[in-house]
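In: Got a predicted model here, sequence first, then my questions.
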Amino acid sequence: MVKRVRAILNSPTYQDHLDKNSIEEKERPFCRHHFDHLLNVARITYILILEEGNPFISREMSYAAGLLHDIGRWNEYREAIDHAQYSAELAEPILEDAGFSKAETGLIKKAIAEHRLKDEPSIHRSPLSLALSRADSYSRLCYRCEANRDCNKIDQQPTRDSLQY
Ligand SMILES: [Fe+2]
């Protein structure tokens, strides 16, 4: 894996946020936000960027967005904050330490902050922002989930009946 993505994975701060997510979601029956979810979202984000033929979003940027997009989820359980915005704030120093430029960091942060938005035509969103939130939905295997009967989001999920990516 390329250097800057490896730097994110090796960041002690990053690993600490993942540990906190695991602790907070230990008993959670619904979607969790562990490393495997972040990696699935990273990979699908990049697949979508490739499918769209977007030359301006690199594999590293796609992976950075996916790997970091839920790192503040733990604090939504503790303090009821918006984890999308909070994850974007937590991502900034990790991205800078990993060597992403100011412009790249800004684009990735914005995509993370917007990842809970649905396709909303009135808001201008970057291709990375749109790919990240779509990848987030596609990554969930709702049709195989044991908690799907109790999930209040099941009818909006693109994977309710089958795999998408
Ligand atoms: Fe999220």
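Out: It's in.

In: Next one: the residue of the chain positioned farthest from its centre from Lys118, what distance?
Out: Among the residues of the chain, the one whose C-alpha is farthest from the average of all C-alpha positions is Arg149, by C-alpha atoms, centre = their mean at 24.3 Å. From Arg149 across to Lys118, the span is 23 Å (C-beta to C-beta, to the nearest Å). The C-beta positions use only the backbone N, C-alpha and C, and glycine is treated the same way.

In: again with Ser22
Out: Computed with C-beta to C-beta, the distance linking Ser22 and Lys118 is 28 Å.

In: Is Glu27 in a helix, a strand, or coil?
Out: For Glu27, the secondary structure call by DSSP: H, G, I helix; E, B strand; the rest coil comes out as coil.

In: again, but for Glu120
Out: Glu120, by the three-state scheme (three-state DSSP), is coil.

In: Repeat that for His33.
Out: State at His33, reduced to three classes by three-state DSSP: coil.

In: Now for it, how many residues are close by?
Out: Here the number of neighbours of His33 (other C-beta atoms under 10 Å) works out to 24.

In: just checking, it touches Asn21?
Out: Yes. Counting by C-beta atoms under 8 Å, a contact exists between His33 and Asn21, whose distance comes to 5.0 Å.

In: Could you measure from Ser62 over to His124?
Out: Going from Ser62 to His124 by C-beta to C-beta gives 20 Å.

In: Grab the most central residue of this structure for me.
Out: Computing the C-alpha centroid of the chain and ranking residues by C-alpha atoms, centre = their mean puts His69 first, at 3.3 Å.
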